[in-house]
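Enquirer: prediction below, plus the sequence it came from.
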Amino acid sequence: MPSAVPTYADAEIISDEALLRRYAERRDPAAFAELAHRRAGLVFGVCLRITADRHDAEELTQDCLLQLARKAATISACAEAL
């Protein structure tokens, strides 16, 4: 079954910062999906090391990605200031 959210064919050349900015400015679900796909494993690994519990790590990963989506505009603005 095909995904309802389109993916970026040239995702390798779009930086994480550009994806976050695109999501923050346009609420582009494909941009956020690509960013989450790239970083979910890393976030899950950190959460698993912290909690030592797979279920808790999964929930924390979801929470982290949700917070990223909610605060994308603020984070994107901070990244541009650097």
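Expert: The structure has been received and is ready for your questions. Here the structure is a predicted model, which is why all the values come from computation and not from measurement. Numbers count the residues shown, from 1 in each chain.

Enquirer: how near is the residue most central in space within the chain to Leu60?
Expert: Geometric centre of the chain, nearest residue: Ala36, 3.1 Å, by Cα atoms, centre = their mean. Ala36 is 14 Å from Leu60, where distance means Cβ to Cβ, to the nearest Å. Any C-beta I mention is one placed from the backbone N, CA and C, and that applies to glycine too.

Enquirer: what of Ala69?
Expert: Distance check for Ala69 against Leu60: by Cβ to Cβ, it reads 15 Å.

Enquirer: quick one, helices of the protein?
Expert: Along the chain, counting by DSSP state H, helices occupy 16-26, 29-51, 54-70, 72-81.

Enquirer: run the angle between the longest one and helix 16-26 for me.
Expert: Spelled out, it's helix 29-51. Helix 29-51 and helix 16-26 meet at an angle of 120 degrees, taking axes from the mean of the first three to the mean of the last three Cα atoms, to 10 degrees as the criterion.

Enquirer: for helix 29-51, name the packing helices and strands.
Expert: On a contact count with 3 or more Cβ pairs under 8 Å, 6 or more residues apart in numbering; DSSP states H and E, helix 29-51 meets helix 16-26, helix 54-70.

Enquirer: redo those as CSV? Include distance to Phe32, mean pLDDT and mean neighbour count.
Expert: Conversion of these to CSV gives the following (distance: least, Cβ to Cβ, whole Å; pLDDT from 0 to 100; neighbours: other Cβ atoms under 10 Å):
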stretch, distance to Phe32, mean pLDDT, mean neighbour count
helix 16-26, 4, 94, 17
helix 54-70, 6, 97, 14
